[in-house]
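1. Take a look and give me a structure for this.
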Amino acid sequence: MSKRLVYIDWIRAVAIVLMVFWQVFDFFSEYNVYSDSPFFFSSINAPIHLFVLVLFSGMAGAGLYLYLSKVKKKQGFKKTFFRVLKKYSWLIVISFFFTFLVWDFCTFYTWSEAIQGVGLVGIFAFIILYLEFPTIFVVSLSLAVGIFQQLIKPLLMSAVSTLPFCVTNLSFEMFFSLPVNFLFRGFFSVINLLPLMLWGASMVKYLNEKSWRTIFFLGCALIFFGVILHNVIPINFYERSPTSFLVEIGFLTVLMALGSFLSKTRASSKISLILLPFGMDALIVYLAHFLLVYKPLSMLGLENTFGIPISLIGSFTFLLISNVVINLWRKQYS
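-> Okay, here's the model as predicted:
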């Protein structure tokens with residue numbers, strides 16, 4: 001299990017391409033993909049790129065599992081923990097300065113930026129995965145938190161309703177509100193991302209032990225149940241409904257199974273040529289599309305001013321340039 005699994009990079013690439021494409025489109029376009037039809041689906045309270053969250057989180061969990069499989073026998077808990085802590089803490093530090101530069105302090109404080117979410121939840125996921133619980137336990141924990149969080153959250157929110165969401169002045173409230181935000185109140189909080197990370201870690205282990213077809217049909221079954229139950233418990237992406245969770249992890253599972261299969265075929269090299277640059281340098285592409293597209297457009301007053309054709313061209317152009325630049329950079333320094 002120490003060998004790098006290329007399909008994990010592929011799926012991470014799919015996530016970054018989907019996110020960057022639609023967000024660059026959103027930066028240019030007069031349409032808001034987070035609120036305007038046809039890019040926002042009000043029936044399920046989700047934007048067009050809703051699967052980005054589960055793909056990123058799932059691949060973070062899968063990558064962490066593979067890393068632990070590689071180093072655990074060579075290193076003790078203390079050394080491994082501090083390496084993981086250093087890696088994921090750096091993501092939080094990067095997010096801190098990045099959010100200040102692009103948005104404001106409240107974006108970071110309310111745990112509303114993706115990098116900080118992955119950074120913190122990675123540390124929680126490490127502790128669970130390092131303890132080597134049976135895979136069925138990790139799967140059950142993922143399902144329990146993912147399915148019941150819509151019931152748990154209102155109770156937690158009610159208990160901390162007196163604490164402000166964002167505190168900008170140095171006070172006791174600031175120190176009490178921050179843990180609340182990163183544990184369950186922020187969108188990229190532990191309660192939102194941990195079940196997705198654990199699911200990704202579990203599926204990469206199952207794919208090493210079972211047929212890809214078995215995992216594929218498991219994913220299809222999860223999607224089927226999520227869609228069927230929609231009439232009883234509506235799919236609600238932003239409210240993290242149980243049905244939304246089932247559909248999301250089902251989609252992730254199907255994609256992982258297909259990726260595992262395709263990685264062993266002749267098509268693997270062709271797929272890698274397109275996706276690998278994005279998958280291996282996802283963080284760079286993520287930061288670049290905000291710093292090189294969003295920020296300049298915002299400063300020039302050109303944000304949200306263009307029609308659909310120009311916005312689509314802008315998205316395709318950015319992704320094409322990113323692919324070329326990353327390939328040239330890797331050839332130069334590899």
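2. low-scoring stretches of the protein, by residue?
-> Low-confidence segments of the chain, defined by pLDDT under 70: 1-3, 73, 333-334.
3. Now do the strands in it.
-> Remark: strands assigned in the chain by DSSP state E are 40-41, 46-47.
4. The last one - contacts with which helices or strands?
-> Strand 46-47 sits against strand 40-41, with contacts defined as 3 or more CB pairs under 8 Å, 6 or more residues apart in numbering; DSSP states H and E. For the C-beta atoms, the positions are set from N, CA and C on the backbone; glycine is no exception.
5. Walk me through which strands the strand it packs on pairs with, and which way each runs.
-> strand 46-47 (antiparallel) (DSSP bridges).
6. Identify the residues contacting the partner strand?
-> If you take CB atoms under 8 Å, 6 or more residues apart in numbering as the criterion, strand 46-47 is touched by 22, 33-34, 39-41, 235-238, 244.
7. Excluding chain neighbours, what is closest to the spatially most central residue of the chain?
-> Nearest to the mean C-alpha position of the chain, counting by CA atoms, centre = their mean, stands residue 56 at 2.9 Å. Nearest non-adjacent residue to residue 56, counting by CB to CB, 6 or more residues apart in numbering: residue 15, 4.7 Å away.
8. Number of residues surrounding that neighbour?
-> Residues lying near residue 15 (other CB atoms under 10 Å) number 27.
9. again, but for residue 131
-> Residues near residue 131, counting by other CB under 10 Å, number 10.
10. what about it, distance to residue 182?
-> 22 Å (CB to CB, to the nearest Å).
11. quick revisit: could you check how far the residue nearest to residue 56 is from residue 8?
-> 11 Å.
12. Just the helices from the stretch 101-250 of the chain, written as ranges.
-> 105-109, 114-130, 135-159, 172-180, 190-209, 212-228, 242-262 (DSSP state H, counting those that start in this stretch).
13. Residue 212 reaches residue 265, doesn't it?
-> No - no contact is recorded between residue 212 and residue 265 when judged using CB atoms under 8 Å, the distance being 11.3 Å.
14. The residue nearest to residue 56 and residue 52 touch, don't they?
-> Yes - Residue 15 is in contact with residue 52 according to CB under 8 Å; the separation is 5.1 Å.
15. The nearest residue to residue 34 once chain neighbours are set aside: neighbouring residues, count only.
-> Of all residues not flanking residue 34 in the chain, residue 47 sits nearest, at 5.2 Å (CB to CB, 6+ apart). Residue 47 is flanked by 20 other residues according to other CB under 10 Å.
16. Likewise for residue 101?
-> Around residue 101 there are 12 residues (other CB under 10 Å).
17. Likewise for residue 325?
-> Using other CB under 10 Å, residue 325 has 15 other residues around it.
18. residue contacts, the residue lying closest to residue 16 once chain neighbours are set aside?
-> Excluding the flanking residues, the one nearest residue 16 by CB to CB, 6+ apart is residue 282, at 4.4 Å. By CB under 8 Å, 6+ apart, the contact list for residue 282 reads 12-13, 15-16.
19. Please tabulate those in TSV, including the columns distance to residue 291.
-> Shown next, in TSV, are those (distance: CB to CB, whole Å):
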residue	distance to residue 291
12	20
13	20
15	19
16	15
